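[1] Provided below for reference: sequence and predicted model.
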Amino acid sequence: PLTADEVAATSAILFRDHGLHKSVRFMNVELREPVELRRDPAAVVDRETFVVLRDRTAGTTIEAVVSLTRDKVLSWREIPGAQPGFSRDEFTECDAVVRADPEFQAAMARRGVTDLSLVSIDLWAPGNTGPAEDPKRRLMRPQIYVRTGKSDNRYAHPVEGLMVLVDLDRMTVIEVVDHGLLPVPATRGNYIPELITGVIPGYPDNAPMIDGVRTDLKPLEITQPDGPSFTLDGYGLAWQKWRLRVGYSPREGLILHQVGYVDHGRLRPVLHRASVSELYVPYGDPNPSQRVKNAFDIGEGGIGPWLNSLELQCDCLGEIRYLDVALSDEDGDPITLRNAICIHEEDYGIAWKHTDGNLGHAETRRQRRLVVSCWATANNYEYGFFWYFYVDGSIEFETKLTGIVSTGAYEVGTTPECGTVLAPGLYAPNHQHFFNVRLDMCVDGQENSVYEVDSVAMPPGEHNPGANAWMVQRTLQIGRASCRERV
């Protein structure tokens, strides 16, 4: 991935060659991945960056390609009607604009909230704003919460029915709609130990707690006295027979490149590229504040800037190696996210075992895996992305969801039809999470095929007199004629 110096060099070239004015904002700066490496992993290629810009005054989106090797802009083109993902600065500015709006302040006052320092605002894409909406307008729709104190969990106190729409290019509130007053739920839902009081439901009596946190677990230490079995050369990673490069982009976050497996001294390609290319979260509740929640967390937000800076003994246990990543702010200046990607080994139980009773001899092979992972926070949710490489030659991807559910308020005495009650007046609306994983396969070459393998019962008869037989049926699902013939 890009270094901080390369991000800075990219913006300097664009300022020099295109004289960017203040209304042009950097939305994304990432490595332009060279397609030549797919055909020839040893090819010598230029170091290039791909940049997305937003001209707020003109309301236009621009894509540019910059060659760092040749110190020049290779392409510059406007993309009509396109919207880039949101930037950090837009979130900050939008928050301030909403708080300063008189209509918003009056709506909060009707709910008894006059101290706006206790108001917390989550910024979301606008969702469906109606058929008459101009697609060129760059919009954001805040979701509003109220804290009872500085560190109080805001998601326990949602403001239901208050709809705000913001034009991000002009940075103005263009609409405040109040669908009616519902009491802000009062039950506290704190998770910070110092703020938790009383008995926590669901904990057994024999589990001592201080402020709601278990204290009866003895220390668990993972040690590797000789260090880990993997080696890092920059972002090149080698472990057992696996070889790969770790990458990053502000849009997708963690990316894996050029994954290969050493077989009898020959490096066999397996994956050219692997990433999570989209994360879609639609909400299935008709209430006004909920039906507009329709998040594309990667395409609209970009998961890369949301990666956590991980902490040893907290996020990760064991012999850990971290990688930093670099991205750009709206001015084109570099930002470094420390410890954004975690690499470590894990014991994974038994891979193979057999006991020969006649000989009285047992053999066991333990399974171990290499873990390449990161965590991202999208408002209330935490997403963990984990790529596992095993000693038996298999690869696994896992997504872990944690954090806090997105909440809404309902009228006490009724039952939400499209959600789950959490506390009096507080519920979690129905929603789903769809993860799209992009896998550019290149198993021993680019022309790969996929077989579906099914177990099929054989009909009773001459060749199956006991009616117990079944066979494996292989169906080619994807592939070119050349692959089909070869396979």
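    On my side now, so go ahead.
[2] The helix or strand containing residue 97 packs against which elements?
    Under the criterion of DSSP states H and E, residue 97 resides in helix 88-100. Counting contacts by 3 or more Cβ pairs under 8 Å, 6 or more residues apart in numbering; DSSP states H and E, helix 88-100 packs against strand 119-124, strand 139-146, strand 162-167, strand 172-178. C-beta: built from backbone N, CA, C; applies to glycine.
[3] and residue 358, which of the ones you listed is closest to it?
    strand 119-124 (66.0 Å; Cβ to Cβ).
[4] Each with direction, which strands does the closest one pair with?
    strand 139-146 (antiparallel) (DSSP bridges).
[5] tilt between the strand it pairs with and strand 162-167?
    140 degrees (axes from the mean of the first three to the mean of the last three Cα atoms, to 10 degrees).
[6] Now do strand 139-146 and strand 172-178, the angle between them.
    Using the same axes, to 10 degrees: strand 139-146 against strand 172-178 is 50 degrees.
[7] Same question for strand 139-146: list its buried residues.
    Neighbour counts over strand 139-146 (16 or more other Cβ atoms under 10 Å) mark 139, 140, 141, 142, 143, 144, 145, 146 as buried.
[8] relative orientation of that strand and helix 88-100 in degrees?
    60 degrees.
[9] quick one: the residue nearest the centre of the chain from residue 382, how far?
    Centroid-nearest residue in the chain, with Cα atoms, centre = their mean: residue 303, separated by 4.8 Å. Distance, residue 303 to residue 382, using Cβ to Cβ, to the nearest Å: 12 Å.
[10] remind me, longest strand of the chain?
    strand 334-356 (DSSP state E).
[11] next structured bit after that strand?
    strand 361-378.
[12] got the angle for the following helix or strand past that next one vs strand 334-356?
    Per DSSP H and E, the first helix or strand lying C-terminal to strand 361-378 is strand 381-390. Angle, strand 381-390 to strand 334-356, by the same axes, to 10 degrees: 50 degrees.
[13] Which elements pack onto strand 381-390?
    Using 3+ Cβ pairs under 8 Å, 6+ apart: strand 381-390 touches strand 253-263, strand 266-282, strand 361-378, strand 395-403.
[14] same thing but at 10 Å, please
    strand 242-249, strand 253-263, strand 266-282, strand 334-356, strand 361-378, strand 395-403, strand 434-441 (3 or more Cβ pairs under 10 Å, 6 or more residues apart in numbering; DSSP states H and E).
[15] Mean neighbour count and distance to residue 188 for those strands - can I get that in a markdown table?
    Output for the helices and strands packed on strand 381-390, formatted as a markdown table (neighbours: other Cβ atoms under 10 Å; distance: least, Cβ to Cβ, whole Å):
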| stretch | mean neighbour count | distance to residue 188 |
| --- | --- | --- |
| strand 242-249 | 22 | 38 |
| strand 253-263 | 20 | 33 |
| strand 266-282 | 18 | 26 |
| strand 334-356 | 15 | 32 |
| strand 361-378 | 17 | 21 |
| strand 395-403 | 13 | 18 |
| strand 434-441 | 14 | 32 |
